[in-house]
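Undergrad: this is a predicted model, with the sequence first.
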Amino acid sequence: MITAWRIVKARHAARAFDGEDARVEGGRWNSPGTPMVYTSQTAALAVLEMLVHLGRASILRAHVLIPCTFDEPVVSRLDRKRLPKKWRSYPAPPELQLIGDEWVRSGTSAVLEVPSAVIETESNYLLNPCHGDSRAIRVMGQQPFELDPRLLKSRSSVHNQKPSLAPIWTTRLGWTADVSRDVTPVTANSSTSSAMFSRL
């Protein structure tokens, strides 16, 4: 059994798994018009994903942490070799939305495991609320969540600093070479679905 985590504003908790926010606004892995629910492999990763996307005013509002569980048979994994070059960049390359849209259209699975752009070695789970197997996704009780004030202070300090040794660390760890590898971008169509998404 797999547990995934989602953080939302408390007032949106009742509809946290309907996919409507992503359908209206679009996201890294879906274009507007395609419903999708973004969850993370761990609660800590969910926090980091929130921090990179929200402004300071939004961070201070009340949020809740909601876990969900599902079994491996309803999960597909994205073939990382099919990712476009610089897939971790922001704004995200449009090929990522094509990949997510094609996954939803193909009906391959209710859940797709994709790499996190924030921490490449960890994963996010995309949920397709329109898939028949989405009924097997069990949403657990919400938990009140507040960020440690030190995170807000640290985040503010980082924004006010000039770049330092981060690029050197990235190179030594090998992330730069991996992210920059020359991979042919994928153009989503029905013929690529089986090769792109593999069952766990």
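TA: Noted; the coordinates are in hand.
Undergrad: run through the bridge partners of Ser40.
TA: Counting by DSSP bridges, Ser40 forms beta bridges with Trp5, Asn124.
Undergrad: for this protein, which segments count as helices?
TA: Using DSSP state H, the helices found in the chain span residues 20-25, 43-53, 56-59, 94-106, 149-160, 166-173, 175-179, 193-196.
Undergrad: how about the second one as CSV, C-alpha atoms only?
TA: This points to helix 43-53. C-alpha atoms of helix 43-53 as CSV (Å, rounded to 0.1, in the frame of the first residue of the first chain):
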residue,chain,number,x,y,z
ALA,A,43,4.5,15.0,3.9
ALA,A,44,7.8,16.8,3.8
LEU,A,45,7.9,16.8,0.0
ALA,A,46,4.3,18.1,0.0
VAL,A,47,5.5,21.0,2.2
LEU,A,48,8.4,21.8,-0.1
GLU,A,49,6.1,21.7,-3.2
MET,A,50,3.8,24.2,-1.4
LEU,A,51,6.7,26.5,-0.5
VAL,A,52,7.9,26.9,-4.0
HIS,A,53,4.5,27.7,-5.4
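Undergrad: what helices or strands is that helix leaning on?
TA: Counting contacts by 3 or more CB pairs under 8 Å, 6 or more residues apart in numbering; DSSP states H and E, helix 43-53 packs against strand 2-9, strand 37-40, strand 63-70, helix 149-160. Bear in mind the C-beta positions are built from the backbone N, C-alpha and C, glycine included.
Undergrad: burial-wise, tell me which of the ones you listed comes out on top.
TA: Counting by mean count of other CB atoms under 10 Å, strand 37-40 has the highest mean neighbour count of those, with a mean of 24.
Undergrad: mean confidence for that one?
TA: Mean per-residue pLDDT for strand 37-40: 98.
Undergrad: count the neighbours of the nearest residue to Ser123 once chain neighbours are set aside for me.
TA: Leaving aside its sequence neighbours, Ser123 sits nearest to Gln41 (CB to CB, 6 or more residues apart in numbering; 4.6 Å). Gln41: 18 surrounding residues under other CB atoms under 10 Å.
Undergrad: gap between Gln41 and Asp18?
TA: Distance, Gln41 to Asp18, by CB to CB, to the nearest Å: 22 Å.
Undergrad: that older thread, nearest to Ala92 among the helices and strands packed on helix 43-53 would be which one?
TA: Ala92 lies closest to strand 37-40 among those, at 12.5 Å (CB to CB).
Undergrad: which neighbouring elements make contact with that closest one?
TA: Against strand 37-40 (3+ CB pairs under 8 Å, 6+ apart) you get strand 2-9, helix 43-53, strand 123-127.
Undergrad: comparing these, which yields the minimum mean pLDDT?
TA: It's helix 43-53: among these, that one has the lowest mean pLDDT, namely a mean of 88.
Undergrad: and the angle from that helix to strand 123-127?
TA: Relative orientation of helix 43-53 and strand 123-127, computed by axes from the mean of the first three to the mean of the last three CA atoms, to 10 degrees: 80 degrees.
Undergrad: thank you kindly, that will do.
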